[in-house]
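Trainee: below are the sequence and a predicted model for it; my questions follow.
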Amino acid sequence: MTSKIFYPFDIQHIDYERYSYTVDFARQTNSEVTFFTVLPENSSEQENNIPHLYLSRHYGYYQSFHNRWQRMDDFKKKRVFKEGALRLELKKILQTEQYDLLIPNSSECEQIINEFYTKAHIISHSLTTQLFNFIIKDSIIK
């Protein structure tokens, strides 16, 4: 069974390293990543492209600085973009979906998740880099 990673992100918060470590982890563990964010209600077509551009920019960083543009099999991923308020939409998806690992890219996303769960499998924003360095670079998952 494939593990499921939930990566809620705020398009105002750039975090190339967290994204890169998430992709590395997903590739090495054959996990599926769900990238989730919200857009303002009644967004224009141009505004609807912003999350795609955000993820493309992060993927470009990953390829440039982590993968050195080497050919790779695509990792399993889903993109879920909802219109509405972050707090409400994030809680809705957490009520309907089960994830093995939650990796928020911002302290706001982390706070909402912590309010939703009493005990969550969440990697706090400040600990992510240390944990991924340990998991990936020290090869405990190989």
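Mentor: Structure's in. What do you need? Numbers count the residues shown, from 1 in each chain.
Trainee: might you calculate how far whichever helix in the chain runs longest sits from the centre of the chain?
Mentor: Ordering each helix of the chain by length in residues (DSSP state H) puts helix 50-65 first. Relative to the centre of its chain, helix 50-65 is centred 12 Å away, using Cα atoms, centre = their mean, to the nearest Å.
Trainee: repeat for stretch 95-103
Mentor: That offset, for stretch 95-103, works out to 11 Å (Cα atoms, centre = their mean).
Trainee: tell me which stretches of this protein form strands.
Mentor: 4-8, 32-39, 76-83, 101-102 (DSSP state E).
Trainee: any chance of the ones you listed in CSV, with mean pLDDT too?
Mentor: Formatted as CSV, these follow (pLDDT from 0 to 100):
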stretch, mean pLDDT
strand 4-8, 94
strand 32-39, 96
strand 76-83, 96
strand 101-102, 88
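Trainee: what's the most buried one of those strands?
Mentor: Neighbour counts (mean count of other Cβ atoms under 10 Å) averaged over each of the strands of the chain peak at strand 4-8, with a mean of 23. C-beta here means a position set from N, CA and C on the backbone, and glycine is covered the same way.
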